[in-house]
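**Student:** My questions concern the predicted model and sequence given below.
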Amino acid sequence: LEDAYSGKVTHFVSWCWAYRLQSVVSAVEGWLQKSGEDPHDVFLWMCFFCNNQYRIKQEETQTGSEDLKSIFESHLVEAG
(Lines give C-alpha, C1' and ligand atoms only; values in the text may rest on other atoms or scores of the structure.)
Protein backbone atom coordinates (compact mmCIF):
# COMPACT_ATOMS: atom_id res chain seq x y z
CA LEU A 1 0.00 0.00 0.00
CA GLU A 2 1.44 3.35 -0.98
CA ASP A 3 2.11 5.83 1.84
CA ALA A 4 -0.52 8.20 0.44
CA TYR A 5 -3.18 5.58 1.17
CA SER A 6 -2.21 4.80 4.74
CA GLY A 7 -2.16 6.81 7.93
CA LYS A 8 -3.32 6.94 11.53
CA VAL A 9 -6.92 5.85 11.84
CA THR A 10 -9.41 8.71 11.94
CA HIS A 11 -12.71 6.80 11.92
CA PHE A 12 -14.04 3.37 12.88
CA VAL A 13 -16.45 1.50 10.58
CA SER A 14 -18.36 -1.51 11.82
CA TRP A 15 -18.94 -4.27 9.32
CA CYS A 16 -21.21 -7.29 9.52
CA TRP A 17 -20.82 -10.16 7.06
CA ALA A 18 -24.52 -9.81 6.24
CA TYR A 19 -23.80 -6.41 4.65
CA ARG A 20 -23.31 -6.28 0.91
CA LEU A 21 -20.05 -4.63 -0.10
CA GLN A 22 -21.90 -2.12 -2.27
CA SER A 23 -24.02 -1.05 0.72
CA VAL A 24 -20.92 -0.37 2.80
CA VAL A 25 -19.17 1.49 -0.03
CA SER A 26 -22.29 3.55 -0.70
CA ALA A 27 -22.68 4.39 3.00
CA VAL A 28 -19.05 5.49 3.32
CA GLU A 29 -19.28 7.57 0.14
CA GLY A 30 -22.50 9.20 1.36
CA TRP A 31 -20.99 9.95 4.76
CA LEU A 32 -17.88 11.40 3.15
CA GLN A 33 -19.94 13.76 0.98
CA LYS A 34 -22.13 14.93 3.88
CA SER A 35 -19.32 15.23 6.40
CA GLY A 36 -17.22 17.66 4.43
CA GLU A 37 -14.11 15.68 5.41
CA ASP A 38 -11.17 15.81 3.03
CA PRO A 39 -10.88 12.26 1.64
CA HIS A 40 -7.09 12.58 1.73
CA ASP A 41 -7.26 13.03 5.50
CA VAL A 42 -9.67 10.16 6.24
CA PHE A 43 -8.33 6.75 7.23
CA LEU A 44 -10.94 4.12 8.07
CA TRP A 45 -10.49 1.12 10.29
CA MET A 46 -13.00 -1.61 9.48
CA CYS A 47 -13.49 -4.29 12.11
CA PHE A 48 -13.83 -7.15 9.63
CA PHE A 49 -10.06 -7.11 9.13
CA CYS A 50 -9.54 -8.63 12.59
CA ASN A 51 -12.97 -10.03 13.51
CA ASN A 52 -13.49 -13.32 11.71
CA GLN A 53 -17.28 -13.43 12.06
CA TYR A 54 -17.50 -15.88 9.19
CA ARG A 55 -15.36 -18.50 10.98
CA ILE A 56 -17.50 -18.33 14.13
CA LYS A 57 -20.70 -18.56 12.08
CA GLN A 58 -19.34 -21.41 9.95
CA GLU A 59 -18.24 -23.39 13.01
CA GLU A 60 -21.61 -22.68 14.65
CA THR A 61 -19.87 -22.15 17.96
CA GLN A 62 -18.74 -19.29 20.13
CA THR A 63 -15.35 -20.97 20.56
CA GLY A 64 -12.74 -18.30 20.21
CA SER A 65 -15.15 -15.48 21.00
CA GLU A 66 -13.10 -14.46 24.05
CA ASP A 67 -10.00 -14.40 21.89
CA LEU A 68 -11.96 -12.41 19.30
CA LYS A 69 -13.00 -9.93 22.01
CA SER A 70 -9.42 -9.36 23.18
CA ILE A 71 -8.11 -9.06 19.62
CA PHE A 72 -10.86 -6.60 18.69
CA GLU A 73 -10.29 -4.50 21.81
CA SER A 74 -6.52 -4.32 21.34
CA HIS A 75 -6.88 -3.32 17.68
CA LEU A 76 -9.49 -0.69 18.51
CA VAL A 77 -7.34 0.79 21.29
CA GLU A 78 -4.33 0.81 18.97
CA ALA A 79 -6.39 2.60 16.31
CA GLY A 80 -7.06 5.40 18.77
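**Tutor:** All right, it came through fine.

**Student:** Phi first, then psi, for the residue positioned nearest the centre of the chain.
**Tutor:** The residue lying closest to the centre of the chain (Cα atoms, centre = their mean) is Met46, at 0.8 Å. Dihedral angles of Met46 (phi, psi; degrees, to the nearest 10) stand at phi -110, psi 130.

**Student:** Once you drop chain neighbours, what's closest to it?
**Tutor:** Leaving aside its sequence neighbours, Met46 sits nearest to Val13 (Cβ to Cβ, 6 or more residues apart in numbering; 4.7 Å). Using the backbone N, CA and C atoms, a C-beta is placed for each residue, glycine as well.

**Student:** Isn't the one you found up against Leu44?
**Tutor:** Yes. In this structure Val13 lies within contact range of Leu44 using Cβ atoms under 8 Å: 5.1 Å.

**Student:** Which neighbours do the two have in common?
**Tutor:** Common neighbours of Val13 and Leu44 (criterion: Cβ atoms under 8 Å, 6 or more residues apart in numbering): Val28.

**Student:** That concludes my questions; thank you for your assistance.
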